[in-house]
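Q: 3D, please:
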Amino acid sequence: MVTASVLLKDLSYKYILRKIRELEIKTHMEMSLHQKLLLAETGTVEQSLGILTNSQISIHVIRQIKTCKTIKRDIYILNRQTGTKLLEASSTIFVDCLPRMIIKSIERKNEGIGNIITTFQLETFRKIVKIGCNSRTGSIFRIYHIIYNKNIAFKIKEVFPNKL
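A: This is a model prediction of the structure:
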């Protein structure tokens with residue numbers, strides 16, 4: 001099996017650790033500590049990547065399309081010094097669920113979603129719904145929702161390459 005994933009029903013670290021181990025067994029792949037942290041973290045991925053790589057990061061918006069109800073956005077997060085791709089992410093942003101200032105900031109394409117949420121001190125909750133890995137490439141991925149005012153405001157899929 002090349003790609004495997006598991007759905008998450010619980011966000012406790014013991015449960016997530018058990019599910020990560022289940023993925024490792026399915027794919028015959030041992031994940032690094034960095035990979036495990038990235039699958040389980042619920043803070044801003046920009047901050048985590050900057051700390052793990054000991055570098056500044058930059059956001060490169062590949063595609064962003066707005067309709068009346070959603071913004072579809074694809075980005076890369078890069079190591080600013082080396083240009084190395086640290087993450088690929090695809091997001092669906094539900095416009096009606098968010099304050100106008102957040103939407104305007106997203107439309108500017110200057111920052112990642114996590115930094116925008118932090119800058120505006122938006123009270124949110126991140127719920128990881130699925131994690132997975134590709135044993136052929138060594139990449140890992142996760143799918144999660146960011147909930148604001150009890151509504152799913154963001155659906156995000158992040159893919160991390162094998163090495164940071």
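Q: dump the residue contacts of Thr124.
A: Neighbouring residues of Thr124 by CB atoms under 8 Å, 6 or more residues apart in numbering: Ile117, Ile146, Ile147, Tyr148, Ala153. (C-beta placed from N, C-alpha, C; glycine too.)
Q: hmm, 6 Å instead?
A: Thr124 makes contacts with Ile117, Ile146, Tyr148, as judged by CB atoms under 6 Å, 6 or more residues apart in numbering.
Q: ok, how many other residues are close to the first one?
A: Residues contacting Ile117 under the criterion other CB atoms under 10 Å number 22.
Q: backbone dihedrals for the nearest residue to it once chain neighbours are set aside, please?
A: The spatial neighbour of Ile117 that comes closest, neighbours along the chain excluded (CB to CB, 6 or more residues apart in numbering), is Thr124 at 5.7 Å. Here is the backbone geometry of Thr124 (degrees, to the nearest 10): phi -130, psi 170.
Q: just checking, Gly132 touches Leu7?
A: No: using CB atoms under 6 Å, Gly132 is not in contact with Leu7; the gap is 9.8 Å.
Q: could you find the closest non-adjacent residue to Thr82?
A: Ser55 (7.5 Å).
Q: which element is the one you found on?
A: According to DSSP states H and E, Ser55 maps onto no helix or strand at all.
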